[in-house]
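K.L.:
Kindly generate the corresponding structure for this input.
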Amino acid sequence: MIADKSVMNFERLPMEAALDKVGFGLYGYLLTVLTGYGIISFACIAFGSMFIVPTSACELQTTSGQQGLLAAGPIAGLLIGGLAWGYLADTRGRRSMLLVSLSGAAFFNLIATISVNWVMLMIFQFFSAIFASGIYLMLMSLLSESVPMAKRNYVVLLVSSIFLLSQGIMAVLALPIIPLKFSYYLPALGIYWNSWRTLLLILSLPALSTAFCLFFMYESPKFLFAKGNEARALDILRKIHRFGKSKPKEELGFSYYLPALGIYWNSWRTLLLILSLPALSTAFCLFFMYESPKFLFAKGNEARALDILRKIHRFGKSKPKEELGVKGLLKDENAAAAGPIPAKDQIVPLFRAPLLKYTIIICILYVAQQMSAFVVWLPTIANQFIRITQTEETTNLTICDVLRKEVVPDLDAVPCALNETSLLIVLGVGALHSVVNIFISILLRFVGRRNISIAVIILCGVSGILVNLVPNVYGSAVFLAIMTMAIVVIGLYTAITIALFPTHLRGMAIALSLTSSRIGTIASVQIVNLMLFTSCDAGFYLFSSILLASAIAAFFLPDDRKLQAPVPAADDPQSLDGKPDTRL
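P.N.:
Prediction:
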């Protein structure tokens, strides 16, 4: 019996131990890059209106109130679709639902390019955002469940940095397009095809290319395992484990025979395709990825999850015959039952002990962080800032003073076009956010996610209050840039949510928290749009104070530095017994 038990302990491991045994190799790097590209496609769909709204104002003849509705339309779509995609991701799988989400978002965004009025533009961007609302949460779940715990914090924060930089990437795309003066009349639609429609078309392409490469990817092994498909999960794990090894082509995990051509599709052909099609390279890589093994395991599909873990383990190893010494998995989470899961079983546990406390805190943190409303109007603010500083001789102004001043129209400029320098400012702010997020990831293991979140909240909240207390236009602008850095805590909040909630509830937990944030953002975008030109000072004080108050809620989160725990040994009992995972 003792000998049998020792063999069992060697071959059966908890999911986290199995992921650690697999390690972080080439597969992990490719999945991280692909996730980052997918996050950019999400931002282009969900937040492209920050460039479309001001540049379409002249042709669509929108008022300030109508522009506010246009800006809020995509956010409303994100709100409505978030919970639905969270449920679908937890019950139907990450990859399959990502294909639907990306394709639908790109389709409706493309239709929006031929909008004949602002109402049509708002409606189609609203539907586009409904589909896009699942992209972020499903990509983050897929990534976090496919890498070892030791790397999880870093890859999540790295992808969050890419998300923050996406604002700047959109500015780079807009920079050469918005100033263009071409205008072609389309008599069938009664519209003019011009620069803002072209930009909207280009912002749809990343979602299409991401969907294309996801078509060739594998489903999450963890999801399959949770669904009871152990054999399939194990098969995917083995392929990940073999990925990139120097083996005969019949053993390669991603070698596929093409009888029509008499060739094997393998790594060098993949590389050639990537070099030929840069725009689709990241998407194509996802064909060789797998569904999250942790998700499959939580769904009860142990065999499928274990198979994926073995393949991840083999990935990039120098020994062709080296095998992953894991034949089974021990429950290290309160896994969901296999088979169809009612929606109430995905939502109700979040509002019961022991998860209720964390659900409330996370939702408060997301709702209180509304600096993204200022980021939505950042191109407009930057455009006004540049025009006033170029015409005014005095610098004894605050940001609100700048916004209240009248702008002398430039007769030589394209109507409603954004100043090129203002787009560079948007790019610079996005780059600043990304750099700060990378710096935070370096400090993470020393300070902890909770403590860094509190520090960022306090710094950005105080800066928001100081924006209009510094009587210098450039000093005020610096504090505004620091204030907008509050959006970097979204990545920290996401990482905390991933750590606190079990796998089978994780997609719904992220969706619920993002939904709570979007409820606030819909109102915040309208309030900021109104207050910037009526009660500007009060707007900065209001949102900065709310942000500062959220630091109190953050104090009630567990300190992840003190709660780091080793993965249980194979002969340990189930590690969680239905309690939330506090190993942040």
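K.L.:
Which helix or which strand is home to Val525?
P.N.:
Using DSSP states H and E, Val525 sits in helix 503-531.
K.L.:
Next: Val489.
P.N.:
Using DSSP H and E, Val489 sits within helix 489-500.
K.L.:
other SSEs contacting that helix?
P.N.:
Helix 489-500 is packed against helix 135-144, helix 149-174, helix 356-368, helix 449-466, helix 503-531, with contacts defined by 3 or more C-beta pairs under 8 Å, 6 or more residues apart in numbering; DSSP states H and E. Heads up, the C-betas are built off the backbone N, CA and C, glycines and all.
K.L.:
Mean pLDDT, mean neighbour count and distance to Thr210 added to those helices, as JSON lines?
P.N.:
Listed next are these as JSON lines, based on pLDDT from 0 to 100; neighbours: other C-beta atoms under 10 Å; distance: least, C-beta to C-beta, whole Å:
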{"stretch": "helix 135-144", "mean pLDDT": "84", "mean neighbour count": "28", "distance to Thr210": "8"}
{"stretch": "helix 149-174", "mean pLDDT": "79", "mean neighbour count": "22", "distance to Thr210": "13"}
{"stretch": "helix 356-368", "mean pLDDT": "91", "mean neighbour count": "20", "distance to Thr210": "25"}
{"stretch": "helix 449-466", "mean pLDDT": "92", "mean neighbour count": "20", "distance to Thr210": "27"}
{"stretch": "helix 503-531", "mean pLDDT": "82", "mean neighbour count": "24", "distance to Thr210": "18"}
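K.L.:
and Tyr29, which of these is closest to it?
P.N.:
In this view, these are compared for proximity to Tyr29 by C-beta to C-beta, and helix 149-174 is the closest at 9.2 Å.
K.L.:
for the closest one, packing partners?
P.N.:
In terms of contact count using 3+ C-beta pairs under 8 Å, 6+ apart, helix 149-174 is assigned the packing partners helix 15-22, helix 26-47, helix 49-55, helix 135-144, helix 195-214, helix 420-447, helix 489-500.
K.L.:
Make JSON lines from those helices and add distance to Thr515 to it.
P.N.:
Formatted as JSON lines, the entries for the helices and strands packed on helix 149-174 read as follows, by distance: least, C-beta to C-beta, whole Å:
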{"stretch": "helix 15-22", "distance to Thr515": "28"}
{"stretch": "helix 26-47", "distance to Thr515": "14"}
{"stretch": "helix 49-55", "distance to Thr515": "19"}
{"stretch": "helix 135-144", "distance to Thr515": "10"}
{"stretch": "helix 195-214", "distance to Thr515": "21"}
{"stretch": "helix 420-447", "distance to Thr515": "23"}
{"stretch": "helix 489-500", "distance to Thr515": "12"}
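K.L.:
hey, which of those is tucked in deepest?
P.N.:
Among the helices and strands packed on helix 149-174, the stretch with the highest mean neighbour count (mean count of other C-beta atoms under 10 Å) is helix 135-144, at a mean of 28.
K.L.:
Contacts for that one next, please.
P.N.:
Residues from elsewhere that reach helix 135-144, judged by C-beta atoms under 8 Å, 6 or more residues apart in numbering: 31-32, 35, 38-39, 41-42, 45, 82, 85-86, 89, 94-95, 97-98, 101-102, 105, 152, 155-156, 159, 163, 207, 220, 291-292, 294-295, 494-495, 498, 506-507, 510-511, 514.
K.L.:
Sweet, I'm off.
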